[in-house]
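Colleague: Here's a sequence, model it:
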Amino acid sequence: MTTHTILGNPPDRLAKNSVGLAHIVFFVVAAAAPLTAVVGATPAAFAFGNGPGVPGAFVLAGILYLIFSVGFTAMSRHVGGTGAFYTYITQGIGKPAGVGGALMALLTYSSVQIAIYGLFGVFMSGAVASIVALPWWAWSFAALVAVHLCGQRNIAFSGTILGICMLAEVAILLLLDIGIVLTGGGPEGFSLSSFSPATVFSPGLGVALVFVVGSFIGFEATAIFGEEAENPEKTIPRATYAAVLLITVFYALSTWAIVQFYGPSKVQATAGSGLESFYFVAVDTILGQWSSQVMNILLITSLFACILSFHNTLNRYFYALGREGLVVRALGKVHPVHGSPYMAGTVQSASAALALVCFVAAGADPYTVVFSWMSALAVLGILAVQALVCVAIVLFFRGLPRRYSLWTTTVAPLLALLGILGSIILVIINLPLLSGSESAIVKSFPLVVVLTGLIGAAFAVRIRTVKPELYASLGKAFE
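Modeller: Predicted coordinates:
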């Protein structure tokens, strides 16, 4: 894109035609953080969940989100824009629900970003401990500054960085997968039992799904970039399906390969005896010791890419609320050169810094508290928002002339809703395991999510009373 095109943008509009299909897919898959999800999250799913059935659990989650995407992408053709879930829920259910959903989305993405900042600090401080000894939070704040600077640039700049990071982390895992296949698997040879119903639906599936569903957080961000996408009517649906399919196939393949390496009968016990070394032992054995060092480095870049992706997502939520007038309108300004929501980015970075300062001041452990607690809250929050979106899709299409099939407008969204509600129940039941804590604070997370939504709805009702003209315009800035 030329600078002239960006400078020609209205002062409250993001740079149009900034990103294409590949950039958006990079954002979404980078947010899913393939290396972080596979190396960091799946060992716990193997150890505490359904063991060799984890690959099948990824297929189940992928099917759920493909069904969710049917109505989601159809609605994107009518209400696309930076407001994303806020706009969907507002147009489908109503303005109070939309504002409530927006606050829950902000809570979700903020939580997952803080979680990854904590994890980044842990791995970075460990990686360079022999060179320079700095506390974890020093590296977290360094990452925050770097992410902020990247977020101030045009969206394509971040997309390029994310694309490079994603390809590198996918490459090392693919090398491991291919190496396992070429060496003939492990002690039990090759088997597709990981995808058989008896294995997938064995005891522990509910626990596995908690970790698996969490690995998909961020795929829905495709809609957030609708205003900046090239030909959004086609790009956003294609990017959504491509992202869900890539995440599903890649995670299922990588977890299936590691099952073959250890053997279906031994993989659960092996994961339980060494969560952190589970993948590193395999990569050392298959590719050599150099590969574990490379994987350590790529794990750090994976975390950085994940933070950058969620930073850009949060920026656009703050920007949407600013342009709507729900918060300070200055947040709705865009950079005159880069066409980015730079004011929203500044506020978002400041809020993340404040949250980190609070955790540091409280002496919180970066892994067992910052990462684990915030991840648990994020999983619960995103499922709640997705459930509202399913309802919004059904209600939205009831008010339109029939242009789509009953499957697209009603059946698929309702099936997705049932699946998501079931996942919410599983997350609540397994919150202590997901967060690694029996704390009363953790147990209050479901209430925190609900109260956040209710506060947003009450705020919208208050606006209807004191500023009816503002209330009437909610959700229309993105039509």
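
Colleague: From here on, just use CA atoms for contacts and neighbour counts.
Modeller: OK.

Colleague: Flag the shaky bits of the stretch 1-150 of the chain, pLDDT-wise.
Modeller: 1-23, 26-27, 30-32, 80-84 (pLDDT under 70).

Colleague: Check which helices and strands the helix or strand that contains residue 385 sits against.
Modeller: Residue 385 is part of helix 372-398, with elements assigned from DSSP states H and E. On a contact count with 3 or more C-alpha pairs under 8 Å, 6 or more residues apart in numbering; DSSP states H and E, helix 372-398 meets helix 54-79, helix 85-92, helix 95-127, helix 412-429, helix 431-435, helix 445-466.

Colleague: Mind listing residues that contact the fourth one?
Modeller: Which is helix 412-429. Outside helix 412-429, the residues within contact range by C-alpha atoms under 8 Å, 6 or more residues apart in numbering are 64-65, 67-68, 70-71, 206-207, 209-210, 213, 379-380, 383-384, 386-387, 390-391, 393-394, 434, 446.

Colleague: Alpha carbons of that helix, in PDB - could you do that?
Modeller: Provided in PDB are the C-alpha atoms of helix 412-429 (Å, rounded to 0.1, in the frame of the first residue of the first chain):
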ATOM      1  CA  ALA A 412     -25.200 -24.500  12.900                       C
ATOM      2  CA  PRO A 413     -25.200 -21.600  15.400                       C
ATOM      3  CA  LEU A 414     -27.400 -23.600  17.800                       C
ATOM      4  CA  LEU A 415     -25.200 -26.700  17.500                       C
ATOM      5  CA  ALA A 416     -22.200 -24.500  18.200                       C
ATOM      6  CA  LEU A 417     -24.000 -22.900  21.100                       C
ATOM      7  CA  LEU A 418     -24.600 -26.400  22.700                       C
ATOM      8  CA  GLY A 419     -21.000 -27.300  22.200                       C
ATOM      9  CA  ILE A 420     -19.700 -24.100  23.700                       C
ATOM     10  CA  LEU A 421     -22.100 -24.300  26.700                       C
ATOM     11  CA  GLY A 422     -20.900 -27.800  27.300                       C
ATOM     12  CA  SER A 423     -17.300 -26.500  27.200                       C
ATOM     13  CA  ILE A 424     -18.100 -23.800  29.700                       C
ATOM     14  CA  ILE A 425     -19.400 -26.400  32.100                       C
ATOM     15  CA  LEU A 426     -16.200 -28.500  31.600                       C
ATOM     16  CA  VAL A 427     -14.000 -25.400  32.200                       C
ATOM     17  CA  ILE A 428     -15.900 -24.500  35.400                       C
ATOM     18  CA  ILE A 429     -15.700 -28.000  36.700                       C
END
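
Colleague: Just want the angle from it to helix 54-79.
Modeller: 130 degrees (axes from the mean of the first three to the mean of the last three C-alpha atoms, to 10 degrees).

Colleague: Can you name the next helix or strand after the longest helix seen in the chain?
Modeller: If you go by DSSP state H, the chain has its longest helix at helix 289-324. Of the helices and strands lying after helix 289-324 in sequence (DSSP H and E), the nearest is helix 342-361.

Colleague: OK, contacts around residue 36?
Modeller: 299, 302, 303.

Colleague: Let me have these in TSV, extended by neighbour count, distance to residue 105 and pLDDT.
Modeller: Output for the contacts of residue 36, formatted as TSV (neighbours: other C-alpha atoms under 10 Å; distance: C-alpha to C-alpha, whole Å; pLDDT from 0 to 100):
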residue	neighbour count	distance to residue 105	pLDDT
299	25	26	86
302	29	22	82
303	30	20	85
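
Colleague: Dump the residues you listed to a markdown table, plus distance to residue 148.
Modeller: Formatted as a markdown table, these follow (distance: C-alpha to C-alpha, whole Å):
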| residue | distance to residue 148 |
| --- | --- |
| 299 | 20 |
| 302 | 17 |
| 303 | 15 |
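
Colleague: In this structure residue 152 contacts residue 344, no?
Modeller: No - checked against C-alpha atoms under 8 Å, the pair residue 152 and residue 344 is beyond contact range at 9.5 Å.

Colleague: which one of these two has more residues nearby?
Modeller: Taking neighbours as other C-alpha atoms under 10 Å, residue 152 and residue 344 compare with residue 344 leading, 29 against 23.

Colleague: Compute the distance between the more buried one and residue 315, please.
Modeller: Remark: distance between residue 344 and residue 315 (C-alpha to C-alpha, to the nearest Å) = 5 Å.

Colleague: out of the helices and strands packed on helix 372-398, nearest to residue 218?
Modeller: helix 95-127 (8.5 Å; C-alpha to C-alpha).

Colleague: May I see the buried residues of whichever helix or strand comes after that closest one?
Modeller: Scanning forward in sequence from helix 95-127 by DSSP H and E, the next helix or strand is helix 136-152. By neighbour count on 16 or more other C-alpha atoms under 10 Å, the buried set for helix 136-152 is 136, 137, 139, 140, 141, 143, 144, 147, 148, 150, 151, 152.

Colleague: Chain neighbours aside, what residue packs nearest to the fifth one?
Modeller: Excluding its sequence neighbours, the residue lying closest to residue 141 (C-alpha to C-alpha, 6 or more residues apart in numbering) is residue 353, at 7.3 Å.

Colleague: how close does the one you found sit to residue 144?
Modeller: Residue 353 is 8 Å from residue 144, by C-alpha to C-alpha.

Colleague: where does the stretch 351-479 of the chain dip in pLDDT?
Modeller: Ranges of the stretch 351-479 of the chain meeting pLDDT under 70: 475-479.

Colleague: The strand or helix carrying residue 259 to helix 54-79, inter-axis angle?
Modeller: Assigned by DSSP H and E, residue 259 falls within helix 232-262. Here helix 232-262 runs at an angle of 170 degrees relative to helix 54-79 (the same axes, to 10 degrees).

Colleague: Could you number the chain from 434 rather than 1 from now on?
Modeller: I'll keep to 434 as the first residue from here, and by that count the last item is helix 665-695.

Colleague: where's helix 665-695 relative to the chain centroid, distance-wise?
Modeller: In terms of C-alpha atoms, centre = their mean, to the nearest Å, the centre of helix 665-695 is found 14 Å from the chain centre.
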